[in-house]
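Peer 1: predicted structure and sequence below. I'll ask about it afterward.
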Amino acid sequence: MRTEPKLSPERIELLLRLSRRGLMVVLAMLVIAGSTILAHLIRPGTPLADWPSRLPWLIPLSIVFMVAIIIAPGGKLRWRGDGPEELAILQDELRLANLARAQRFALFAVLLSQIPLALLLSGLPSASAVMAMAVSSVTLGVVTLIASFLVLDTE
């Protein structure tokens, strides 16, 4: 006779909070990186485009700061990956449905943005326009995916 492992609702809630916090940090990193690259492609020489070369020490400092935000509040709580709580989170049907909805939102956002982006970037040289289109499409897709998943997952 096989017994099911006992799930801890408190641990599941803490792991979900830790997961959301990590997604928010990744979202912030993607927005900063995407906007910096876009600024460098569209308007080189502006403060937003040149901050990595003017303040290079800020990049590792921000990475350490963001990792500390993710790790510190968890204390001894770590994502093991094979624990019963982690498996319950990964196999939760509502969470998987929300992820699928977020993927559809991201796809629609990217598809709907292509024509306006092409019109906005048409004044740039072709190489810069193509790169700006690619960077903005990828950034928009990933940011929309993560943001919509965070919004849908809290409901």
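Peer 2: Good, I have the coordinates.

Peer 1: can you check which helix is longest in this protein?
Peer 2: Determined from DSSP state H, the single longest helix within the chain is helix 9-42.

Peer 1: mind listing what's buried in the next helix or strand after that helix?
Peer 2: Under the assignment DSSP states H and E, the closest C-terminal helix or strand after helix 9-42 is helix 47-54. Going by neighbour count (16 or more other C-beta atoms under 10 Å), the buried part of helix 47-54 is 49, 51. Heads up, the C-betas are built off the backbone N, CA and C, glycines and all.

Peer 1: avg pLDDT for helix 47-54?
Peer 2: In this model, helix 47-54 has an average pLDDT of 79.

Peer 1: beyond that helix, next helix or strand please.
Peer 2: Downstream of helix 47-54 (by DSSP H and E), the next one is helix 58-71.

Peer 1: what angle sits between that next one and helix 9-42?
Peer 2: 160 degrees (axes from the mean of the first three to the mean of the last three C-alpha atoms, to 10 degrees).

Peer 1: pLDDT score for the residue nearest in space to the middle of the chain?
Peer 2: Ranked by distance to the mean C-alpha position of the chain (C-alpha atoms, centre = their mean), the top residue is residue 27 at 3.4 Å. Looking at residue 27, its pLDDT stands at 93.
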